[in-house]
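>>> With the input below, show me the fold.
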Amino acid sequence: LQSMKVALVDDFPIIRDLLRKAVVDTGLSVVGEAADGASAVEVIASTKPDVLILDVDLPTISGFELLELTRRIGIHSKCLVFTASSEIFPVYCAERFNVEGYVSKRYDGLPELLNALSAFAEGKRFFGGAFRRASELRRGDPLSFDKILTPIQMYVLALIGELHPDDEIARALGTTAANV
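Below is the predicted model of the structure:
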């Protein structure tokens, strides 16, 4: 456990402080921190952490976009999503990105985050109760978005949900804003 290098990505300084203290108290080293997705790319690229503790709701780019970027440049840190969101869509995204862990700040808290780090040290994955409940709800719902929408429709909805303007979405899709 002691040899794992950890990077923290969360937009709230108080949460990063709490995470840093918890990680250091377990004997791990924090090799970098970032408050937004764009600066996190630089931190992750320069430190190459073993574990990335990641909030998914970040300024500039989302945590999942950050994860995609880091994997594209060849950095495959174990990802522990630590977020206030335990809604079905972020849980679905975490499943799609094959993250190694997911803990809800709101429902699982710091004890579960520490359990997740211990699981990682043993080569295991860890998913808190809020993740498991949301995943089961989605899988059991015959009208769940992932069963009735195409991947491109889900992508567009995710961009809309992240409040991207129509012209930006249109550029991403290679079309005009009128079609969005």
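>>> Confirm that residue 81 lies within a helix, as I assumed.
No - applying DSSP: H, G, I helix; E, B strand; the rest coil, one finds residue 81 to be strand, outside a helix.
>>> In this structure it contacts residue 98, no?
No - counting by C-beta atoms under 8 Å, residue 81 stays clear of residue 98, with 11.5 Å between them. C-beta coordinates here come from the backbone N, C-alpha and C atoms, glycine included.
>>> the more surrounded of those two?
For residue 81 versus residue 98, the count of surrounding residues by other C-beta atoms under 10 Å is larger for residue 81: 28 against 10.
>>> residues contacting the more buried one?
Neighbouring residues of residue 81 by C-beta atoms under 8 Å, 6 or more residues apart in numbering: 54-56, 63, 90, 94, 99, 101-103.
>>> Could you export those residues as a markdown table, including pLDDT and neighbour count?
Below are the contacts of residue 81 laid out as a markdown table (pLDDT from 0 to 100; neighbours: other C-beta atoms under 10 Å):
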| residue | pLDDT | neighbour count |
| --- | --- | --- |
| 54 | 97 | 30 |
| 55 | 96 | 25 |
| 56 | 93 | 24 |
| 63 | 93 | 28 |
| 90 | 85 | 24 |
| 94 | 90 | 26 |
| 99 | 95 | 22 |
| 101 | 96 | 26 |
| 102 | 96 | 30 |
| 103 | 96 | 27 |
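>>> Now go through those residues and say which are in helices.
Of the contacts of residue 81, the ones assigned to helices by DSSP state H are 63, 90, 94.
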